[in-house]
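Participant: Sequence plus predicted model, see below.
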Amino acid sequence: SQTIHQWPATLVQPVGSPLSLECTVEGTSNPNLYWYRQAAGRGLQLLFYSVGIGQISSEVPQNLSASRPQDRQFILSSKKLLLSDSGFYLCAWSVRGSDSPLHFGNGTRLTVT
Amino acid sequence: KQEVTQIPAALSVPEGENLVLNCSFTDSAIYNLQWFRQDPGKGLTSLLLIQSSQREQTSGRLNASLDKSSGRSTLYIAASQPGDSATYLCAVQRAGSEKLVFGKGTKLTVNP
């Protein structure tokens, strides 16, 4: 069966520090991969998605970047965090090119202080 | 631009009641519509996926319907239980796109 791992679960970082959140998927190949951010009162915002290694689509201009160095690994990064980067970050995957549901990780609660 | 709206934002019901959650979307050119459940501080769990050619899907006490022409979907929960308390989100996938657009969710509380 397929599983998705996302870590860390919680993170407190000072303004200006770097960020690296990692997500890996097991039990499937060639998945679509997604990073979402959930902020209070704003719903789920798609940040990045990827349909293959090295292929990244950015949805929102921001202080963040994403990379997909391996088929089942998706990394969210920042060189210098802002207060506005605080939020709940969710990684997700789906089967590429099919009518399949989106599967989410357990999320990372990021607080920038 | 696709917009997804969920009304009400919050709902409180007594245990055992049947209830309906609503979702509307502005662009009917969708590939599918999905319903999710989110418990506090957790990720989303997929509940039901309705393909654009389908009218409804059922899983246990849950039934989701889709009326693409009117841009509406409903999630029906039968015989609600306190364990059903969570935030329910709907999302639509636009035809030809790999992306889902989410509503802000309905927070459901089922009181014992």
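Facilitator: It's in.
Participant: thinking residue B:63 is in contact with residue B:47, fair?
Facilitator: No. Counting by C-beta atoms under 8 Å, residue B:63 does not reach residue B:47; the two are 10.6 Å apart. For every residue, glycine as well, the C-beta is placed using N, CA and C.
Participant: of those two, who's got more company?
Facilitator: residue B:47 (21 against 16; other C-beta atoms under 10 Å in any protein chain shown).
Participant: ok, which residues in chain B are in contact with chain A?
Facilitator: Residues of chain B lying close to chain A by C-beta under 8 Å from any C-beta of the partner chain are B:31-32, B:34, B:36, B:41-46, B:49, B:51, B:89, B:91, B:98-105.
Participant: which ones among the residues you listed are found in strands?
Facilitator: Among the residues of chain B next to chain A, DSSP state E puts B:31-32, B:34, B:36, B:44-46, B:49, B:51, B:89, B:91, B:100-102 in strands.
Participant: Pull up the overlap in contacts between residue B:63 and residue B:47.
Facilitator: residue B:75 (C-beta atoms under 8 Å, 6 or more residues apart in numbering or on different chains).
Participant: Please indicate which of the residues of chain B next to chain A are buried?
Facilitator: B:32, B:34, B:36, B:42-44, B:46, B:49, B:89, B:91, B:98-105 (16 or more other C-beta atoms under 10 Å in any protein chain shown).
Participant: How about the contacts made by residue B:9?
Facilitator: Here residue B:9 is in contact with B:104-107 (C-beta under 8 Å, 6+ apart).
Participant: from those residues, which is closest to chain A?
Facilitator: residue B:104 (4.0 Å; C-beta to the nearest C-beta).
Participant: That closest one touches residue B:6, doesn't it?
Facilitator: Yes. Between residue B:104 and residue B:6 there is a contact under C-beta under 8 Å: 6.0 Å.
Participant: shared neighbours of those two, anything?
Facilitator: residue B:89.
Participant: Contacts made by the least confident helix or strand in chain B by mean pLDDT with the rest, please.
Facilitator: The helix or strand of chain B with the poorest confidence is strand B:100-102; it has a mean of 92 (mean pLDDT, DSSP states H and E). Contacts to strand B:100-102, defined as C-beta under 8 Å, 6+ apart, come from residues A:43-44, A:46, A:102, B:2-4, B:25, B:34, B:89-94.
Participant: at 7 Å instead, please
Facilitator: A:43-44, A:102, B:2, B:4, B:34, B:89, B:91-93 (C-beta atoms under 7 Å, 6 or more residues apart in numbering or on different chains).
Participant: residue ranges for the strands of chain A, please.
Facilitator: Ranges of strands within chain A are A:3-7, A:10-13, A:19-26, A:31-39, A:43-52, A:55-58, A:65-70, A:73-78, A:87-95, A:103-104, A:108-112, based on DSSP E.
Participant: Redo the ones you listed as TSV? Include mean neighbour count.
Facilitator: Converted to TSV, the strands of chain A look like this (neighbours: other C-beta atoms under 10 Å in any protein chain shown):
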stretch	mean neighbour count
strand A:3-7	17
strand A:10-13	14
strand A:19-26	18
strand A:31-39	23
strand A:43-52	19
strand A:55-58	14
strand A:65-70	15
strand A:73-78	20
strand A:87-95	23
strand A:103-104	22
strand A:108-112	18
